[in-house]
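> sequence plus the predicted model coming up.
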Amino acid sequence: MDTTTGRLTYRDATDADVDEIVALIESAYRGDASRAGWTTEADILQGQRTDPEGVLEVIKSPDGCLLTVERDGVVVACCQLEHRGAHAYFGMFAVSPALQGAGLGKAIIAEAERRSREAWDVTEMHMTVISVREDLIAWYERRGYRRTGEMSPFPYGDERFGIPQRDDLQFELLVKPLV
């Protein structure tokens, strides 16, 4: 791991983390603050990325967790892990924009994969990514994920997921073997 990332602490999020996690996710994907990192969706989606209810739902899920990553007591990243039969689902991934590009995301996704294998004995990790996010998909491909071509619709009209700035958004399933 890059030494600029410092010592990371991984733990399951609790109800007390909701506001901090919502702020982290919003900062990584929406608005001008997100442009400090490379994961911004500000050009394709406006409005919110998530809300306290959505984050709390993931935290309370009996089939998974919201893995929270701290450095020096500050939440710097998070990701959703959910057990779905023979595979785990990876979502709600956010890294503080100021810390992107230093190897932190790579370390977190490796830890998420390790935890999923150990906790649930799964053989694959699945995720969905907005198909027009070519740079992000390429990053996941470098981590061993493959594009499946399997698409699911973007929830147009549901502002809980943002306000689309284009009409061609959809999610593509990416899959990685964990064996």
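Received it, and whenever you're ready, just let me know what you need. Just so it is clear, the structure is predicted and the values come from calculations on it, not from any experiment. Numbers count the residues shown, from 1 in each chain.

> list the contacts of the closest residue to residue 35 other than its chain neighbours.
In this structure, residue 35 finds its nearest non-sequential neighbour in residue 42, 6.2 Å apart by CB to CB, 6 or more residues apart in numbering. Yep, even glycine has a C-beta here, placed from its N, CA and C like the rest. With contact taken as CB atoms under 8 Å, 6 or more residues apart in numbering, residue 42 is in contact with 29, 30, 31, 32, 34, 35.

> farthest pair within these?
Greatest spatial distance among those (CB to CB): 29 and 32, at 11.9 Å.

> these two - which one has more neighbours?
With other CB atoms under 10 Å as the criterion, residue 29 and residue 32 differ in neighbour count, and residue 29 comes out ahead with 23 against 8.

> got the buried residues for the longest helix belonging to the chain?
The helix spanning the most residues in the chain, taking DSSP state H as the definition, is helix 104-120. Taking 16 or more other CB atoms under 10 Å as the basis for neighbour counts, the residues of helix 104-120 that come out buried are 104, 105, 107, 108, 109, 112, 113, 115, 116, 117, 120.

> from these, which is closest to residue 21?
residue 108 (13.9 Å).

> so the closest one makes contact with residue 77?
Yes. Residue 108 sits in contact with residue 77 when judged by CB atoms under 8 Å, with a separation of 5.4 Å.

> common neighbours of those two, please.
Jointly contacting residue 108 and residue 77 under the rule CB under 8 Å, 6+ apart are 69, 93, 95.

> so the first one is in contact with residue 94, correct?
No. Applying CB under 8 Å as the test, residue 69 and residue 94 come out as separate, 9.6 Å apart.

> intersection of neighbour lists for the two?
Residues touching both residue 69 and residue 94 (CB under 8 Å, 6+ apart): 77, 78.

> which residue ranges of the protein form helices?
Along the chain, the segments classed as helices by DSSP H run 18-29, 52-60, 104-120, 134-142.

> can you show me the strands along this protein?
In the chain, strands defined by DSSP state E lie at 8-12, 45-46, 64-71, 74-84, 87-95, 124-130, 146-153, 163-164, 170-177, listed in chain order.

> before we move on, the earlier item: so which elements touch the longest helix of the chain?
Of the remaining helices and strands, those touching helix 104-120 by 3 or more CB pairs under 8 Å, 6 or more residues apart in numbering; DSSP states H and E are strand 8-12, strand 64-71, strand 74-84, strand 87-95, strand 124-130.

> can you redo the ones you listed as CSV with distance to residue 158, mean neighbour count and mean pLDDT?
Conversion of the helices and strands packed on helix 104-120 to CSV gives the following (distance: least, CB to CB, whole Å; neighbours: other CB atoms under 10 Å; pLDDT from 0 to 100):
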stretch, distance to residue 158, mean neighbour count, mean pLDDT
strand 8-12, 27, 14, 95
strand 64-71, 21, 21, 96
strand 74-84, 18, 20, 97
strand 87-95, 16, 22, 97
strand 124-130, 15, 19, 97
